[in-house]
Every structure is written in C-alpha cells, then in structure tokens.
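Asker: Just need the structure, nothing else, for what follows:
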Amino acid sequence: MPGGGTAPLTSLPGIAGSLELVGGALLLLGLFTRPVAFLLSGEMAFAYFIGHAPQGFWPVLNQGPPAILFCFIWLYISSAGPGPWSIDALRRGKMYEPST
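Answerer: Numbers count the residues shown, from 1 in each chain. Have a look, this model is predicted:
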C-alpha cells in the first residue's frame with residue numbers, strides 16, 4: 001500500500017493478498033492444485049484488466065506482462081495438474097516410485 005499502510009482484509013488488495021497467500025501455500029504443497037491454480041489464474045486476469053488494461057492496450061506499455069505471465073502459468077498448472085510428489089498424488093496413491 002502507498003505510504004506503508006496495511007490494506008483492510010475486505011478491500012481488493014486485501015482479498016488479492018489473501019488469495020495469493022493461501023493459494024500460494026496450497027500450490028507449494030500440491031494440495032487442491034487444479035482448482036486453486038484456476039482460481040489464481042482468474043485472479044491474475046482480473047488484476048490485469050482492473051489495474052493494467054485501463055492504462056493502455058499494449059501490455060509492454062501498461063506494465064502488465066507479469067500479470068499476464070502469472071495468469072497463463074496458473075492456467076497451465078490448472079490444466080497439467082499436480083506433479084508426482086504433491087499431496088494430491090499422495091492422496092490418490094500415485095506417489096512417484098523410481099524404477100530399479
């Protein structure tokens with residue numbers, strides 16, 4: 001926040017921060033990977049259209065490439081799914097076992 005303030009939890013920055021904190025932790029653990037990544041992808045698309053698109057059409061000029069990049073990274077992860085060492089894989093009993 002400008003001036004070093006703290007955003008209220010019910011404001012747009014507070015909701016975005018909560019989504020990113022909880023969603024990032026869940027993605028780091030590999031728990032509920034597909035729905036969380038899809039939700040974060042939508043959040044980044046929303047952030048781009050609210051914060052960057054009004055400043056101009058081209059992402060390079062409106063400082064929007066990081067938001068677009070994260071949007072498509074999370075969209076890819078939501079379609080690719082969790083990896084073999086995730087908690088989701090452990091819950092399904094598909095933990096990675098190296099071949100001998």
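Asker: Tell me which residues touch the residue nearest the centre of the chain, please.
Answerer: By C-alpha atoms, centre = their mean, the chain has its centre lying nearest to residue 40, at 3.5 Å. Neighbouring residues of residue 40 by C-beta atoms under 8 Å, 6 or more residues apart in numbering: 19, 20, 23, 24, 27, 70, 74. C-betas here are computed from N, CA, C, even on glycine.
Asker: at 10 Å instead, please
Answerer: Going by C-beta atoms under 10 Å, 6 or more residues apart in numbering, residue 40 touches 16, 19-20, 22-24, 26-27, 70-71, 73-75, 77-78.
Asker: quick one: which of those residues is most hemmed in?
Answerer: Within the contacts of residue 40, most neighbours by other C-beta atoms under 10 Å means residue 74, with 22 neighbours.
Asker: Sticking with that one, tell me its helix or strand.
Answerer: In the assignment (DSSP states H and E), residue 74 maps to helix 65-80.
Asker: Helix or strand next in line after that helix, which one?
Answerer: Using DSSP H and E, the helix or strand that directly follows helix 65-80 along the chain is helix 87-92.
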